[in-house]
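Student: Fold the following and give me the result.
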Amino acid sequence: MGLEELGSVKIILGSSSQTRQAVLREMGYNFTVMSADIDERAIRRETPEELVMALAHAKAQAILPRITSLETSDEEVLLITADQVVVNGGVVREKPLNGDEARTFIAGYARDPAITVSAVLVTNVTTGVSNGSIDKAEIYFHPIPEQVIDDLIKEGSVLYAAGGLLVEHPLVSPFVQSMIGTLDSVMGLPKELTHTLIRDSLSRNKEPNK
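Tutor: Reported below is the predicted structural model:
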């Protein structure tokens, strides 16, 4: 299913993340943005994979009541929610609480790879059916100088990224040694997975009853 086959489908990205918005825009989708006001730290799970998927579901549940009024008889509505954590040295890293925590996170990436664990959930608001899955990537870094870390913290954008990780940032990218996986996955919205979930959310609704 290509973009031209979406027809009268309204896509809502349930995320205030500028990077996720940029990735979805690069994919060629038209969408509107809504954000979920949830306490992410109140949701805990045993594994990184379970945690990010639980958070993606929680975001969807927080947004759904606000968008059901957008439904029309000739328009399907899809809600995309996502979450990401970084695993470093076996420890789950979420958004840094402050500059000191961001410094600890970023400095640690020279010792062990940063493994991003991302969940994407597509909910067909019209049918109530959700499809979600997990994507991972690994990033290996050269040591990042203290002055660079200072500049990143002063700028502040790392405080809003899982693990303080912004591989696409011009101050960070020169220190990326290698990457296993895709940049869009590292940025929190893997393109191939997202497109597949969108396609599946629509095609499942259009299958004839058996």
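Student: other SSEs contacting the helix or strand bottoming out on mean pLDDT in the chain?
Tutor: Least confident element among the helices and strands of the chain, by mean pLDDT, DSSP states H and E: helix 191-206 (a mean of 84). With contacts defined as 3 or more CB pairs under 8 Å, 6 or more residues apart in numbering; DSSP states H and E, helix 191-206 has these neighbours: helix 18-26, strand 76-88, strand 114-124, strand 129-141. Yep, even glycine has a C-beta here, placed from its N, CA and C like the rest.
Student: Grab the most central residue of the chain for me.
Tutor: residue 188 (3.3 Å; CA atoms, centre = their mean).
Student: Hmm, residue 80 and it touching each other?
Tutor: No - applying CB atoms under 8 Å as the test, residue 188 and residue 80 come out as separate, 11.4 Å apart.
Student: Find residues that contact each of these two.
Tutor: Where contact means CB atoms under 8 Å, 6 or more residues apart in numbering, no residue is in contact with each of residue 188 and residue 80.
Student: hang on, isn't residue 87 packed against residue 118?
Tutor: No - if you go by CB under 8 Å, residue 87 and residue 118 don't touch, sitting 11.5 Å apart.
Student: the more surrounded of these two?
Tutor: The residue with more neighbours, out of residue 87 and residue 118, is residue 118; 31 against 20, by other CB atoms under 10 Å.
Student: can you pull the contacts of the more buried one?
Tutor: Per CB under 8 Å, 6+ apart, neighbours of residue 118: 52, 82, 83, 84, 134, 135, 136, 137, 185, 188, 189, 190.
Student: Next: residue 144.
Tutor: 106, 107, 109, 110, 172, 175.
Student: Mind listing the shared neighbours of residue 87 and residue 118?
Tutor: Counting by CB under 8 Å, 6+ apart, residue 87 and residue 118 have no common neighbour.
Student: Can you check the pLDDT for the closest residue to residue 33 other than its chain neighbours?
Tutor: Distance criterion CB to CB, 6 or more residues apart in numbering; nearest residue to residue 33, sequence neighbours excluded, is residue 13 at 5.3 Å. Per-residue pLDDT puts residue 13 at 97.
Student: likewise residue 70?
Tutor: 54.
Student: Correct me if wrong: residue 95 contacts residue 156.
Tutor: No - contact criterion CB under 8 Å: residue 95 and residue 156 do not qualify, at 12.0 Å.
Student: coming back round to it: return the member of the contacts of residue 118 nearest to residue 41.
Tutor: Closest approach to residue 41 among those (CB to CB): residue 83, at 12.5 Å.
Student: Show the contacting residues for residue 78.
Tutor: With CB under 8 Å, 6+ apart as the criterion, the residues that contact residue 78 are 9, 10, 11, 12, 122, 123, 124, 125, 198, 201, 202.
Student: Many thanks, I have nothing further to ask.
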